[in-house]
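Student: Fold the stuff below for me.
(chains A and B)
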Amino acid sequence: MTMVTAGLKLLRSRHAMDTIVPHSGFSVWLTVLASVTMSFLAVFALALSVTTAQLAMRWSESLARNTTVRILAPAGQQRLQTERALEILRATPGVASAQAISPEDLQTLLTPWLGPDTPIDTLPVPTLIDVIETPNGYDTEGLRLRLAAEIPSAVLDDHERWRRPLVDAANHLQRLGILSLGLIFLTTAIIVSLAAQSALSANVQVIHVLRLIGARDLYIVRAFVRRFTRRAFWGALVGALFGMAAVALIPEAADTQGFLTGLGFQGWTWLIPLFLAPISGAIAYLATRLAAFHSLKGMA
Amino acid sequence: MIKIQNVNYRYGARALLSNMNLELMQGSFHFLTGPSGSGKTTFLKLCYGDLQPTSGHLSLFGEPITDLNRDEIADARRRIGVVHQDCNFLDHLCLAENIVLPLRVSGQTARINAKDLQELLAWVGLAEHSQSFPPELSGGERQRAAIARAVIMDPDMILADEPTGNIDWEMSLKLMQLLVSLNKMGKTIVVATHDMALIRSIKPHLNARVLRIQNGGIQLAGADL
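Tutor: Numbering: from 1, shown residues only, chains lettered A, B, ... in the order given. Below is the predicted model:
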(Lines give C-alpha, C1' and ligand atoms only; values in the text may rest on other atoms or scores of the structure.)
Protein backbone atom coordinates (compact mmCIF):
# COMPACT_ATOMS: atom_id res chain seq x y z
CA MET A 1 0.00 0.00 0.00
CA THR A 2 2.88 2.33 0.85
CA MET A 3 4.39 1.76 -2.59
CA VAL A 4 1.06 2.49 -4.29
CA THR A 5 0.69 5.69 -2.24
CA ALA A 6 4.25 6.70 -3.08
CA GLY A 7 3.60 5.99 -6.77
CA LEU A 8 0.43 8.09 -6.79
CA LYS A 9 2.25 10.89 -4.99
CA LEU A 10 4.97 10.76 -7.64
CA LEU A 11 2.38 11.06 -10.42
CA ARG A 12 0.59 14.01 -8.85
CA SER A 13 0.29 16.62 -11.58
CA ARG A 14 2.14 19.52 -9.95
CA HIS A 15 4.92 19.57 -7.43
CA ALA A 16 7.39 22.28 -6.43
CA MET A 17 10.25 19.98 -7.43
CA ASP A 18 8.96 19.84 -11.03
CA THR A 19 10.02 23.41 -11.69
CA ILE A 20 13.64 23.07 -10.65
CA VAL A 21 14.83 21.38 -13.84
CA PRO A 22 13.77 23.27 -17.00
CA HIS A 23 11.21 21.53 -19.23
CA SER A 24 13.09 21.26 -22.46
CA GLY A 25 15.34 19.04 -24.51
CA PHE A 26 14.89 16.00 -26.69
CA SER A 27 14.94 13.69 -23.67
CA VAL A 28 11.30 14.64 -23.02
CA TRP A 29 10.14 13.32 -26.39
CA LEU A 30 12.57 10.42 -26.38
CA THR A 31 11.18 9.11 -23.10
CA VAL A 32 7.53 9.63 -24.00
CA LEU A 33 7.88 8.21 -27.51
CA ALA A 34 9.89 5.22 -26.29
CA SER A 35 7.30 4.50 -23.61
CA VAL A 36 4.38 4.76 -26.05
CA THR A 37 6.11 2.53 -28.63
CA MET A 38 7.41 -0.06 -26.19
CA SER A 39 4.09 -0.29 -24.40
CA PHE A 40 2.27 -0.68 -27.74
CA LEU A 41 4.59 -3.58 -28.65
CA ALA A 42 4.31 -5.03 -25.16
CA VAL A 43 0.53 -5.33 -25.60
CA PHE A 44 1.10 -7.70 -28.54
CA ALA A 45 3.67 -9.71 -26.63
CA LEU A 46 1.17 -9.91 -23.77
CA ALA A 47 -1.63 -10.91 -26.14
CA LEU A 48 0.57 -13.67 -27.55
CA SER A 49 1.46 -14.92 -24.08
CA VAL A 50 -2.09 -14.83 -22.78
CA THR A 51 -3.55 -16.48 -25.89
CA THR A 52 -0.97 -19.25 -26.05
CA ALA A 53 -1.27 -19.90 -22.34
CA GLN A 54 -5.03 -20.28 -22.75
CA LEU A 55 -4.58 -22.46 -25.85
CA ALA A 56 -2.07 -24.73 -24.16
CA MET A 57 -4.38 -25.13 -21.19
CA ARG A 58 -7.44 -25.74 -23.34
CA TRP A 59 -5.69 -28.27 -25.57
CA SER A 60 -4.17 -30.05 -22.60
CA GLU A 61 -7.46 -30.27 -20.74
CA SER A 62 -9.80 -31.14 -23.56
CA LEU A 63 -7.51 -33.57 -25.35
CA ALA A 64 -6.25 -35.19 -22.17
CA ARG A 65 -9.79 -36.21 -21.27
CA ASN A 66 -10.69 -37.42 -24.73
CA THR A 67 -9.61 -40.69 -26.34
CA THR A 68 -10.62 -42.51 -29.50
CA VAL A 69 -10.81 -46.25 -30.14
CA ARG A 70 -10.58 -47.17 -33.80
CA ILE A 71 -11.90 -50.55 -35.01
CA LEU A 72 -11.31 -51.88 -38.50
CA ALA A 73 -12.41 -55.51 -38.43
CA PRO A 74 -12.93 -57.95 -41.29
CA ALA A 75 -16.34 -57.86 -42.99
CA GLY A 76 -19.13 -59.12 -40.71
CA GLN A 77 -17.00 -58.64 -37.57
CA GLN A 78 -17.17 -54.87 -37.37
CA ARG A 79 -20.42 -54.54 -35.44
CA LEU A 80 -19.65 -57.39 -33.08
CA GLN A 81 -16.19 -56.11 -32.22
CA THR A 82 -17.52 -52.59 -31.75
CA GLU A 83 -20.10 -53.82 -29.26
CA ARG A 84 -17.48 -55.83 -27.39
CA ALA A 85 -15.16 -52.84 -27.29
CA LEU A 86 -17.97 -50.68 -25.89
CA GLU A 87 -18.61 -53.28 -23.19
CA ILE A 88 -14.94 -53.30 -22.20
CA LEU A 89 -14.69 -49.54 -22.22
CA ARG A 90 -17.82 -48.97 -20.16
CA ALA A 91 -16.56 -51.46 -17.60
CA THR A 92 -13.15 -49.81 -17.34
CA PRO A 93 -12.61 -47.66 -14.22
CA GLY A 94 -11.82 -44.07 -15.18
CA VAL A 95 -13.96 -44.04 -18.32
CA ALA A 96 -16.86 -41.62 -17.95
CA SER A 97 -18.55 -42.53 -21.23
CA ALA A 98 -17.91 -44.42 -24.45
CA GLN A 99 -20.00 -43.75 -27.53
CA ALA A 100 -19.62 -45.05 -31.07
CA ILE A 101 -19.66 -42.24 -33.59
CA SER A 102 -22.77 -42.52 -35.77
CA PRO A 103 -22.46 -42.93 -39.57
CA GLU A 104 -23.94 -39.43 -39.96
CA ASP A 105 -21.31 -37.87 -37.69
CA LEU A 106 -18.63 -39.87 -39.48
CA GLN A 107 -19.87 -38.54 -42.79
CA THR A 108 -19.60 -34.97 -41.41
CA LEU A 109 -16.09 -35.65 -40.12
CA LEU A 110 -14.88 -36.97 -43.48
CA THR A 111 -16.66 -34.51 -45.73
CA PRO A 112 -13.75 -31.99 -45.78
CA TRP A 113 -11.52 -34.73 -47.21
CA LEU A 114 -13.84 -36.92 -49.28
CA GLY A 115 -16.49 -34.43 -50.33
CA PRO A 116 -20.22 -34.46 -49.46
CA ASP A 117 -21.32 -37.05 -52.04
CA THR A 118 -19.01 -39.91 -51.19
CA PRO A 119 -20.97 -42.92 -49.86
CA ILE A 120 -18.78 -43.80 -46.91
CA ASP A 121 -20.74 -46.97 -46.16
CA THR A 122 -19.13 -48.47 -49.27
CA LEU A 123 -15.64 -47.61 -48.04
CA PRO A 124 -13.55 -49.55 -45.52
CA VAL A 125 -13.90 -46.80 -42.93
CA PRO A 126 -13.14 -47.82 -39.34
CA THR A 127 -15.70 -47.43 -36.61
CA LEU A 128 -14.69 -44.74 -34.12
CA ILE A 129 -15.58 -44.82 -30.44
CA ASP A 130 -15.35 -41.52 -28.58
CA VAL A 131 -14.15 -42.14 -25.01
CA ILE A 132 -14.46 -39.47 -22.33
CA GLU A 133 -12.38 -39.97 -19.22
CA THR A 134 -13.25 -39.13 -15.63
CA PRO A 135 -11.06 -36.43 -14.06
CA ASN A 136 -8.84 -39.18 -12.58
CA GLY A 137 -8.48 -40.88 -15.96
CA TYR A 138 -7.94 -44.57 -16.69
CA ASP A 139 -4.95 -46.87 -16.95
CA THR A 140 -4.03 -46.32 -20.61
CA GLU A 141 -1.55 -49.18 -20.85
CA GLY A 142 -3.88 -51.62 -19.10
CA LEU A 143 -6.77 -50.73 -21.42
CA ARG A 144 -4.53 -50.97 -24.48
CA LEU A 145 -3.36 -54.46 -23.51
CA ARG A 146 -6.89 -55.65 -22.80
CA LEU A 147 -8.20 -54.35 -26.12
CA ALA A 148 -5.28 -55.93 -27.94
CA ALA A 149 -6.00 -59.26 -26.26
CA GLU A 150 -9.76 -59.31 -26.90
CA ILE A 151 -10.20 -57.20 -30.04
CA PRO A 152 -7.04 -57.32 -32.15
CA SER A 153 -8.41 -54.82 -34.68
CA ALA A 154 -9.01 -52.14 -32.03
CA VAL A 155 -6.51 -49.32 -31.74
CA LEU A 156 -6.56 -47.02 -28.70
CA ASP A 157 -5.51 -43.49 -29.62
CA ASP A 158 -5.09 -41.10 -26.65
CA HIS A 159 -3.99 -38.28 -29.00
CA GLU A 160 -0.66 -38.07 -27.22
CA ARG A 161 1.19 -38.18 -30.55
CA TRP A 162 -0.21 -34.91 -31.82
CA ARG A 163 -1.35 -33.37 -28.58
CA ARG A 164 2.14 -33.13 -27.08
CA PRO A 165 3.75 -31.12 -29.95
CA LEU A 166 0.76 -28.75 -29.98
CA VAL A 167 0.94 -28.10 -26.28
CA ASP A 168 4.73 -27.82 -26.48
CA ALA A 169 4.42 -25.32 -29.33
CA ALA A 170 1.86 -23.27 -27.41
CA ASN A 171 4.06 -23.27 -24.30
CA HIS A 172 7.08 -22.30 -26.41
CA LEU A 173 5.15 -19.40 -27.96
CA GLN A 174 4.11 -18.31 -24.48
CA ARG A 175 7.76 -18.33 -23.35
CA LEU A 176 8.69 -16.31 -26.46
CA GLY A 177 6.00 -13.79 -25.57
CA ILE A 178 7.34 -13.47 -22.03
CA LEU A 179 10.91 -13.17 -23.34
CA SER A 180 9.74 -10.43 -25.74
CA LEU A 181 8.14 -8.61 -22.82
CA GLY A 182 11.39 -8.87 -20.89
CA LEU A 183 13.35 -7.48 -23.86
CA ILE A 184 10.84 -4.66 -24.27
CA PHE A 185 11.18 -3.72 -20.60
CA LEU A 186 14.97 -3.93 -20.84
CA THR A 187 14.98 -1.68 -23.91
CA THR A 188 12.69 0.77 -22.12
CA ALA A 189 15.11 0.84 -19.18
CA ILE A 190 18.09 1.46 -21.47
CA ILE A 191 16.36 4.25 -23.42
CA VAL A 192 15.12 5.97 -20.26
CA SER A 193 18.56 5.63 -18.69
CA LEU A 194 20.24 7.22 -21.74
CA ALA A 195 17.63 9.98 -21.84
CA ALA A 196 18.14 10.66 -18.13
CA GLN A 197 21.91 10.84 -18.57
CA SER A 198 21.43 13.19 -21.49
CA ALA A 199 19.10 15.38 -19.41
CA LEU A 200 21.60 15.44 -16.56
CA SER A 201 24.40 16.43 -18.92
CA ALA A 202 22.24 19.15 -20.45
CA ASN A 203 21.51 20.51 -16.98
CA VAL A 204 25.03 20.58 -15.54
CA GLN A 205 24.64 24.26 -14.71
CA VAL A 206 21.39 23.65 -12.84
CA ILE A 207 23.03 20.83 -10.89
CA HIS A 208 26.02 23.07 -10.13
CA VAL A 209 23.72 25.78 -8.75
CA LEU A 210 21.73 23.29 -6.70
CA ARG A 211 24.90 21.87 -5.19
CA LEU A 212 26.21 25.36 -4.49
CA ILE A 213 23.18 26.17 -2.37
CA GLY A 214 23.38 22.94 -0.41
CA ALA A 215 21.28 20.40 -2.33
CA ARG A 216 22.08 16.81 -1.53
CA ASP A 217 22.45 14.34 -4.41
CA LEU A 218 19.20 12.63 -3.41
CA TYR A 219 17.29 15.87 -3.87
CA ILE A 220 18.74 16.40 -7.36
CA VAL A 221 18.09 12.77 -8.28
CA ARG A 222 14.46 13.06 -7.15
CA ALA A 223 13.88 16.07 -9.38
CA PHE A 224 14.91 14.01 -12.42
CA VAL A 225 13.41 10.69 -11.30
CA ARG A 226 10.00 12.24 -10.71
CA ARG A 227 9.96 13.72 -14.18
CA PHE A 228 11.06 10.59 -16.03
CA THR A 229 8.75 8.32 -14.05
CA ARG A 230 5.76 10.48 -14.95
CA ARG A 231 6.70 10.61 -18.62
CA ALA A 232 7.18 6.84 -18.78
CA PHE A 233 3.91 6.16 -16.94
CA TRP A 234 1.71 8.35 -19.12
CA GLY A 235 3.53 7.34 -22.30
CA ALA A 236 3.06 3.66 -21.47
CA LEU A 237 -0.60 4.18 -20.65
CA VAL A 238 -1.22 5.81 -24.04
CA GLY A 239 0.77 3.06 -25.80
CA ALA A 240 -1.16 0.35 -23.94
CA LEU A 241 -4.51 1.87 -24.89
CA PHE A 242 -3.48 2.08 -28.55
CA GLY A 243 -2.23 -1.50 -28.39
CA MET A 244 -5.46 -2.71 -26.80
CA ALA A 245 -7.46 -0.95 -29.50
CA ALA A 246 -5.34 -2.61 -32.18
CA VAL A 247 -5.77 -6.05 -30.58
CA ALA A 248 -9.52 -5.48 -30.30
CA LEU A 249 -9.63 -4.90 -34.06
CA ILE A 250 -8.26 -8.39 -34.81
CA PRO A 251 -11.23 -10.44 -36.14
CA GLU A 252 -12.96 -12.73 -33.65
CA ALA A 253 -12.01 -16.40 -33.68
CA ALA A 254 -14.39 -18.86 -35.33
CA ASP A 255 -14.41 -22.63 -35.41
CA THR A 256 -13.29 -22.78 -39.00
CA GLN A 257 -10.54 -20.20 -38.59
CA GLY A 258 -7.03 -20.58 -37.32
CA PHE A 259 -4.97 -19.62 -34.35
CA LEU A 260 -4.16 -16.04 -35.44
CA THR A 261 -7.80 -14.99 -35.39
CA GLY A 262 -7.93 -16.01 -31.75
CA LEU A 263 -5.05 -13.71 -30.74
CA GLY A 264 -6.18 -11.31 -28.03
CA PHE A 265 -7.62 -11.01 -24.58
CA GLN A 266 -10.82 -12.39 -23.15
CA GLY A 267 -12.73 -11.24 -20.11
CA TRP A 268 -10.62 -10.04 -17.21
CA THR A 269 -7.39 -10.53 -19.20
CA TRP A 270 -8.18 -7.19 -20.90
CA LEU A 271 -7.03 -5.57 -17.65
CA ILE A 272 -3.52 -7.02 -17.91
CA PRO A 273 -2.18 -4.45 -20.46
CA LEU A 274 -3.17 -1.64 -18.10
CA PHE A 275 -0.45 -2.85 -15.74
CA LEU A 276 2.13 -1.88 -18.37
CA ALA A 277 1.87 1.78 -17.27
CA PRO A 278 2.86 1.25 -13.61
CA ILE A 279 5.48 -1.30 -14.66
CA SER A 280 7.01 1.18 -17.13
CA GLY A 281 6.86 3.87 -14.46
CA ALA A 282 8.67 1.61 -12.01
CA ILE A 283 11.30 0.73 -14.63
CA ALA A 284 11.82 4.42 -15.43
CA TYR A 285 12.05 5.21 -11.72
CA LEU A 286 14.81 2.66 -11.17
CA ALA A 287 16.65 3.38 -14.43
CA THR A 288 16.66 7.16 -13.85
CA ARG A 289 17.67 6.79 -10.22
CA LEU A 290 20.63 4.57 -11.11
CA ALA A 291 21.67 6.77 -14.04
CA ALA A 292 21.33 9.98 -12.03
CA PHE A 293 23.35 8.76 -9.06
CA HIS A 294 26.01 7.45 -11.44
CA SER A 295 26.16 10.74 -13.37
CA LEU A 296 26.25 12.88 -10.21
CA LYS A 297 29.12 10.78 -8.87
CA GLY A 298 30.99 11.56 -12.07
CA MET A 299 30.25 15.27 -11.71
CA ALA A 300 31.61 15.45 -8.16
CA MET B 1 34.91 28.48 11.25
CA ILE B 2 37.41 27.63 8.56
CA LYS B 3 40.94 26.62 9.45
CA ILE B 4 43.53 26.23 6.72
CA GLN B 5 46.90 24.69 7.62
CA ASN B 6 49.72 24.13 5.12
CA VAL B 7 47.21 23.75 2.32
CA ASN B 8 48.45 23.17 -1.21
CA TYR B 9 46.31 22.96 -4.28
CA ARG B 10 47.63 21.82 -7.63
CA TYR B 11 45.80 21.70 -10.96
CA GLY B 12 47.73 19.19 -13.03
CA ALA B 13 51.39 20.15 -12.82
CA ARG B 14 50.62 23.74 -11.85
CA ALA B 15 50.68 24.74 -8.18
CA LEU B 16 47.85 27.26 -7.67
CA LEU B 17 48.08 27.59 -3.89
CA SER B 18 51.16 26.71 -1.84
CA ASN B 19 51.61 26.21 1.86
CA MET B 20 48.66 28.40 2.78
CA ASN B 21 47.76 29.06 6.42
CA LEU B 22 44.73 31.03 7.56
CA GLU B 23 41.91 30.92 10.08
CA LEU B 24 38.58 32.63 9.41
CA MET B 25 37.01 33.52 12.76
CA GLN B 26 33.34 34.08 13.52
CA GLY B 27 32.28 37.67 12.71
CA SER B 28 35.46 38.59 10.85
CA PHE B 29 35.59 40.47 7.54
CA HIS B 30 38.27 39.64 5.00
CA PHE B 31 39.06 41.16 1.67
CA LEU B 32 40.94 38.83 -0.63
CA THR B 33 42.90 40.53 -3.36
CA GLY B 34 45.33 39.53 -6.01
CA PRO B 35 45.71 39.71 -9.75
CA SER B 36 43.44 37.75 -12.07
CA GLY B 37 44.35 34.07 -12.04
CA SER B 38 46.17 34.35 -8.73
CA GLY B 39 43.89 31.76 -7.10
CA LYS B 40 41.21 33.82 -5.32
CA THR B 41 38.35 31.76 -6.75
CA THR B 42 40.26 28.54 -6.06
CA PHE B 43 40.71 29.63 -2.46
CA LEU B 44 36.98 30.33 -2.08
CA LYS B 45 36.11 27.00 -3.70
CA LEU B 46 38.29 25.26 -1.15
CA CYS B 47 36.41 27.16 1.57
CA TYR B 48 33.00 25.92 0.48
CA GLY B 49 34.10 22.40 -0.35
CA ASP B 50 33.86 22.62 -4.13
CA LEU B 51 37.53 21.63 -4.31
CA GLN B 52 39.63 19.47 -2.02
CA PRO B 53 43.20 20.47 -1.08
CA THR B 54 45.91 18.46 -2.79
CA SER B 55 47.66 18.34 0.58
CA GLY B 56 47.44 20.02 3.96
CA HIS B 57 44.60 20.31 6.41
CA LEU B 58 41.38 22.27 5.90
CA SER B 59 38.60 22.10 8.44
CA LEU B 60 35.09 23.37 7.82
CA PHE B 61 33.14 24.20 10.99
CA GLY B 62 35.57 22.04 12.94
CA GLU B 63 35.40 19.01 10.62
CA PRO B 64 38.31 18.04 8.37
CA ILE B 65 36.96 18.45 4.84
CA THR B 66 38.54 15.18 3.76
CA ASP B 67 36.32 13.38 6.30
CA LEU B 68 33.11 14.83 4.87
CA ASN B 69 31.07 12.89 2.34
CA ARG B 70 29.05 14.66 -0.37
CA ASP B 71 25.93 14.94 1.77
CA GLU B 72 27.90 16.38 4.67
CA ILE B 73 29.54 18.92 2.35
CA ALA B 74 26.04 19.83 1.10
CA ASP B 75 24.95 20.31 4.71
CA ALA B 76 28.02 22.49 5.40
CA ARG B 77 27.19 24.64 2.35
CA ARG B 78 23.83 25.44 3.90
CA ARG B 79 25.84 27.35 6.52
CA ILE B 80 27.78 29.26 3.84
CA GLY B 81 26.21 31.78 1.51
CA VAL B 82 28.09 32.08 -1.77
CA VAL B 83 27.81 35.12 -4.06
CA HIS B 84 29.38 34.73 -7.49
CA GLN B 85 30.24 37.31 -10.08
CA ASP B 86 27.85 35.57 -12.50
CA CYS B 87 25.29 35.02 -9.70
CA ASN B 88 24.42 31.43 -10.72
CA PHE B 89 20.66 31.80 -10.87
CA LEU B 90 18.25 29.38 -12.50
CA ASP B 91 16.98 31.56 -15.33
CA HIS B 92 13.68 29.67 -15.70
CA LEU B 93 12.67 30.52 -12.13
CA CYS B 94 11.53 33.97 -11.03
CA LEU B 95 13.56 35.96 -8.53
CA ALA B 96 11.43 34.96 -5.53
CA GLU B 97 11.75 31.28 -6.46
CA ASN B 98 15.51 31.62 -6.90
CA ILE B 99 15.91 33.32 -3.56
CA VAL B 100 13.96 30.68 -1.63
CA LEU B 101 15.66 27.83 -3.50
CA PRO B 102 18.19 27.13 -0.69
CA LEU B 103 15.27 26.65 1.69
CA ARG B 104 13.49 24.38 -0.78
CA VAL B 105 16.47 22.10 -1.36
CA SER B 106 16.97 21.76 2.39
CA GLY B 107 13.25 21.20 3.04
CA GLN B 108 12.94 24.32 5.19
CA THR B 109 10.44 26.39 3.22
CA ALA B 110 8.34 26.72 6.37
CA ARG B 111 11.07 28.96 7.78
CA ILE B 112 9.98 31.88 5.62
CA ASN B 113 6.60 33.35 4.70
CA ALA B 114 5.63 35.78 1.94
CA LYS B 115 5.99 38.79 4.27
CA ASP B 116 9.52 37.79 5.33
CA LEU B 117 10.48 37.27 1.71
CA GLN B 118 9.12 40.67 0.76
CA GLU B 119 11.10 42.25 3.61
CA LEU B 120 14.25 40.52 2.43
CA LEU B 121 13.67 41.74 -1.13
CA ALA B 122 13.06 45.25 0.18
CA TRP B 123 16.30 45.06 2.18
CA VAL B 124 18.27 44.43 -1.02
CA GLY B 125 16.14 46.99 -2.91
CA LEU B 126 14.31 44.50 -5.11
CA ALA B 127 10.79 44.61 -3.65
CA GLU B 128 9.31 45.36 -7.06
CA HIS B 129 11.14 42.53 -8.80
CA SER B 130 10.01 39.39 -6.98
CA GLN B 131 8.31 37.99 -10.08
CA SER B 132 11.00 39.11 -12.53
CA PHE B 133 13.27 36.54 -14.11
CA PRO B 134 17.06 36.83 -13.68
CA PRO B 135 17.75 37.75 -17.32
CA GLU B 136 15.38 40.72 -16.92
CA LEU B 137 17.52 42.24 -14.13
CA SER B 138 20.56 44.49 -14.36
CA GLY B 139 23.97 43.31 -13.11
CA GLY B 140 23.62 45.21 -9.85
CA GLU B 141 20.13 43.88 -9.23
CA ARG B 142 21.30 40.34 -9.85
CA GLN B 143 24.18 40.76 -7.41
CA ARG B 144 21.85 42.10 -4.74
CA ALA B 145 19.48 39.21 -5.41
CA ALA B 146 22.44 36.85 -5.02
CA ILE B 147 23.09 38.36 -1.60
CA ALA B 148 19.44 37.85 -0.68
CA ARG B 149 19.71 34.19 -1.72
CA ALA B 150 22.98 33.84 0.19
CA VAL B 151 21.46 35.09 3.45
CA ILE B 152 18.09 33.37 3.31
CA MET B 153 19.44 30.33 5.14
CA ASP B 154 20.83 32.61 7.85
CA PRO B 155 24.34 31.32 7.18
CA ASP B 156 27.34 31.73 9.45
CA MET B 157 29.53 32.89 6.60
CA ILE B 158 29.24 34.63 3.24
CA LEU B 159 31.83 34.15 0.53
CA ALA B 160 31.62 36.65 -2.31
CA ASP B 161 33.67 36.11 -5.45
CA GLU B 162 34.15 39.38 -7.37
CA PRO B 163 30.61 40.48 -6.49
CA THR B 164 31.19 43.96 -7.97
CA GLY B 165 32.89 42.75 -11.13
CA ASN B 166 30.02 43.59 -13.48
CA ILE B 167 28.47 46.64 -11.84
CA ASP B 168 29.09 50.37 -11.63
CA TRP B 169 30.77 52.19 -8.76
CA GLU B 170 27.63 53.43 -7.08
CA MET B 171 26.03 50.00 -7.14
CA SER B 172 29.29 48.45 -5.92
CA LEU B 173 29.20 50.67 -2.86
CA LYS B 174 25.56 49.74 -2.16
CA LEU B 175 26.44 46.08 -2.44
CA MET B 176 29.38 46.43 -0.10
CA GLN B 177 27.16 48.25 2.39
CA LEU B 178 24.86 45.22 2.41
CA LEU B 179 27.84 42.96 3.15
CA VAL B 180 29.04 45.32 5.88
CA SER B 181 25.59 45.30 7.49
CA LEU B 182 25.61 41.50 7.40
CA ASN B 183 29.02 41.52 9.09
CA LYS B 184 27.60 43.74 11.78
CA MET B 185 24.95 41.07 12.34
CA GLY B 186 27.79 38.69 13.18
CA LYS B 187 28.30 36.99 9.83
CA THR B 188 31.78 36.11 8.69
CA ILE B 189 32.42 37.73 5.31
CA VAL B 190 35.09 37.03 2.73
CA VAL B 191 35.07 39.22 -0.38
CA ALA B 192 37.41 38.36 -3.21
CA THR B 193 38.04 41.42 -5.38
CA HIS B 194 40.82 42.98 -7.36
CA ASP B 195 39.25 46.43 -6.94
CA MET B 196 41.59 48.17 -4.49
CA ALA B 197 39.68 51.45 -4.74
CA LEU B 198 36.58 49.73 -3.46
CA ILE B 199 38.52 48.24 -0.55
CA ARG B 200 40.00 51.65 0.31
CA SER B 201 36.57 53.25 0.38
CA ILE B 202 34.97 50.54 2.55
CA LYS B 203 37.79 49.57 4.90
CA PRO B 204 37.62 52.68 7.12
CA HIS B 205 34.04 51.77 8.05
CA LEU B 206 34.83 48.36 9.49
CA ASN B 207 37.50 46.23 11.04
CA ALA B 208 38.58 44.20 8.03
CA ARG B 209 41.70 42.33 7.15
CA VAL B 210 43.00 42.58 3.61
CA LEU B 211 44.76 39.46 2.35
CA ARG B 212 46.68 39.20 -0.87
CA ILE B 213 47.16 36.03 -2.84
CA GLN B 214 50.21 36.09 -5.03
CA ASN B 215 52.48 33.40 -6.39
CA GLY B 216 50.36 30.77 -4.64
CA GLY B 217 50.88 32.23 -1.17
CA ILE B 218 48.72 34.43 1.04
CA GLN B 219 49.87 37.49 3.00
CA LEU B 220 48.49 40.56 4.75
CA ALA B 221 48.26 43.41 2.26
CA GLY B 222 48.21 46.43 4.54
CA ALA B 223 51.11 48.08 2.71
CA ASP B 224 49.12 48.21 -0.55
CA LEU B 225 46.47 50.39 1.05
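Student: The stretch 201-300 of chain A: helices as residue ranges?
Tutor: A:204-212, A:217-248, A:276-299 (DSSP state H, counting those that start in this stretch).
Student: Show the end-to-end separation of stretch B:86-96, please.
Tutor: For stretch B:86-96, the first-to-last residue distance is 18 Å (CA to CA, to the nearest Å).
Student: That one: how far from the chain's middle?
Tutor: 17 Å (CA atoms, centre = their mean, to the nearest Å).
Student: And that stretch, what's buried?
Tutor: Residues of stretch B:86-96 classed as buried: B:87-90, B:92-96 (neighbour count, 16 or more other CB atoms under 10 Å in any protein chain shown). Just so you know, the C-beta spots here come from the backbone N, C-alpha and C atoms, and that holds for glycine as well.
Student: Likewise for stretch A:225-244?
Tutor: For stretch A:225-244, by 16+ other CB under 10 Å, it's A:225-241, A:243-244.
Student: any bit of it sitting next to chain B?
Tutor: No: Stretch A:225-244 does not reach chain B (CB under 8 Å from any CB of the partner chain); its nearest approach is 13.8 Å.
Student: From B:Glu72, how far off is the closest residue to A:Leu296 other than its chain neighbours?
Tutor: In space, and not counting its chain neighbours, A:Leu296 is closest to A:Asp217: 4.9 Å by CB to CB, 6 or more residues apart in numbering or on different chains. A:Asp217 sits 12 Å away from B:Glu72, going by CB to CB, to the nearest Å.
Student: The two: who's more crowded?
Tutor: Between A:Asp217 and B:Glu72, counted using other CB atoms under 10 Å in any protein chain shown, the more crowded position is A:Asp217 (21 against 15).
Student: any idea how far that one is from B:Asp86?
Tutor: 24 Å.
Student: okay, now the closest residue to B:Ala208 other than its chain neighbours: neighbour count?
Tutor: Spatial nearest neighbour of B:Ala208, chain neighbours left out: B:Phe29 (4.1 Å); criterion: CB to CB, 6+ apart. When neighbours are defined as other CB under 10 Å, B:Phe29 has 23 of them.
Student: which residues touch B:Phe29?
Tutor: Going by CB atoms under 8 Å, 6 or more residues apart in numbering or on different chains, B:Phe29 touches B:179-180, B:183, B:188-189, B:191, B:206-209.
Student: change it to 7 Å
Tutor: B:183, B:189, B:206-208 (CB atoms under 7 Å, 6 or more residues apart in numbering or on different chains).
Student: Could I get the phi/psi values of it?
Tutor: Main-chain torsions, B:Phe29, degrees, to the nearest 10: phi -130, psi 120.
Student: residues touching A:Val238, list them.
Tutor: Counting by CB under 7 Å, 6+ apart, A:Val238 makes contact with A:Val36.
Student: Could you check the pLDDT of it?
Tutor: We have a pLDDT of 97 for A:Val238.
Student: tell me which parts of the stretch 151-300 of chain A are close to chain B?
Tutor: Residues of the stretch 151-300 of chain A found near chain B (CB under 7 Å from any CB of the partner chain) are A:206, A:209-217, A:219, A:300.
Student: Give me the ChimeraX select line for these, limited to the buried ones.
Tutor: Applying 16+ other CB under 10 Å to these leaves a buried subset, and the ChimeraX line that selects it is:
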select /A:206,209,210,211,212,213,214,215,216,217,219
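Student: Pipe the residues of the stretch 151-300 of chain A next to chain B into a markdown table and attach pLDDT per row.
Tutor: Below are these laid out as a markdown table (pLDDT from 0 to 100):
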| residue | pLDDT |
| --- | --- |
| A:Val206 | 91 |
| A:Val209 | 92 |
| A:Leu210 | 93 |
| A:Arg211 | 91 |
| A:Leu212 | 90 |
| A:Ile213 | 91 |
| A:Gly214 | 92 |
| A:Ala215 | 93 |
| A:Arg216 | 93 |
| A:Asp217 | 92 |
| A:Tyr219 | 92 |
| A:Ala300 | 65 |
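Student: re the thing from before, out of the buried residues of stretch B:86-96, list just those in helices.
Tutor: Secondary structure from DSSP state H places B:95-96 of these in helices.
Student: Distance from the chain centre to the helix or strand encompassing B:Asp116, please.
Tutor: Element membership for B:Asp116, per DSSP states H and E: helix B:114-123. Relative to its chain's centre, helix B:114-123 lies at 21 Å (CA atoms, centre = their mean).
Student: and if you look at stretch A:286-300?
Tutor: With CA atoms, centre = their mean, you get 35 Å for stretch A:286-300.
Student: Please name the nearest non-neighbouring residue to whatever residue of the stretch 1-150 of chain A ends up closest to chain B.
Tutor: Residue nearest to chain B within the stretch 1-150 of chain A: A:Pro22 (4.5 Å; CB to the nearest CB). Spatial nearest neighbour of A:Pro22, chain neighbours left out: B:His92 (4.5 Å); criterion: CB to CB, 6+ apart.
Student: Hmm, A:Val21 and the one you found touching each other?
Tutor: No: using CB atoms under 7 Å, B:His92 is not in contact with A:Val21, being 8.8 Å away.
Student: To what extent is B:Leu173 buried, counted in neighbours?
Tutor: As a burial measure, B:Leu173 scores 14 neighbours (other CB under 10 Å).
Student: what about the strands in the chain?
Tutor: You didn't say which chain, so I picked chain A. Secondary structure of chain A (DSSP state E): strands located at A:66-71, A:95-100, A:127-133, A:154-157.
Student: my question was about chain B
Tutor: B:2-11, B:14-24, B:29-33, B:55-60, B:63-64, B:80-83, B:157-161, B:188-192, B:208-214, B:217-220.
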